[in-house]
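**Q** Predicted model, plus sequence, below.
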Amino acid sequence: MLFVAFSLNAFSQTTLEEWNYITKGYKIQLESGLDMKKGYVFKDLITSYHKYNGYDRTFNFKELVRLKDNSVAAIMVEFYVYVNGKKSTSSYYCIPKWESSGEIQNLFLAQNQSIASKDFAVAYNWALSQLISRKYL
């Protein structure tokens with residue numbers, strides 16, 4: 001019984017492999033024209049547009065879903081900045097499952113602390129509030 005309970009709890013976490021895929025591997029996949037990570041699929045949640053201080057920002061929120069049991073592994077935040085109508089930068093952030101290990105939680109905190117730009121923080125918070133209100137409220 002304890003093994004089953006531990007296995008179910010461990011399985012519901014965002015793994016380091018999933019974290020790395022969202023924050024690094026997905027970009028490599030896109031740039032190289034590679035196939036989707038085996039055993040997973042992305043499901044679109046919402047797209048949020050935010051114009052602030054002369055920059056157009058787009059946030060795409062997607063669930064990374066494990067095909068094995070149709071469980072959500074994490075949420076990917078795909079971020080783009082447009083300057084003069086052209087995409088100039090893109091970044092990928094991970095929102096892990098609440099039950100994730102201390103290591104994943106620390107990566108999440110470090111990721112959020114690395115967002116130094118106030119402009120970006122304002123836009124990101126706006127996008128997160130849209131995700132929460134549209135999807136979960």
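**A** Right, received. Where do you want to start?

**Q** just so I have it, where are all the strands in this structure?
**A** Along the chain, the segments classed as strands by DSSP state E run 40-52, 55-66, 71-83, 86-96.

**Q** For the second one, give me every contacting residue.
**A** Spelled out, that is strand 55-66. If you take Cβ atoms under 8 Å, 6 or more residues apart in numbering as the criterion, strand 55-66 is touched by 18, 21-22, 39-51, 71-83, 119-120, 123-124, 127, 131, 135. For the C-beta atoms, the positions are set from N, CA and C on the backbone; glycine is no exception.

**Q** which of the residues you listed are buried?
**A** Taking 16 or more other Cβ atoms under 10 Å as the criterion, what is buried in these is 18, 21-22, 42, 45, 48, 50, 73-79, 81, 120, 123-124, 127, 131.

**Q** Please name the residues that touch the residue nearest to the spatial centre of the chain.
**A** For the chain, the residue nearest the mean C-alpha position is Met76 (1.8 Å; Cα atoms, centre = their mean). Met76 makes contact with 22, 26, 42, 60-64, 92-95, according to Cβ under 8 Å, 6+ apart.

**Q** Sweet, I'm off.
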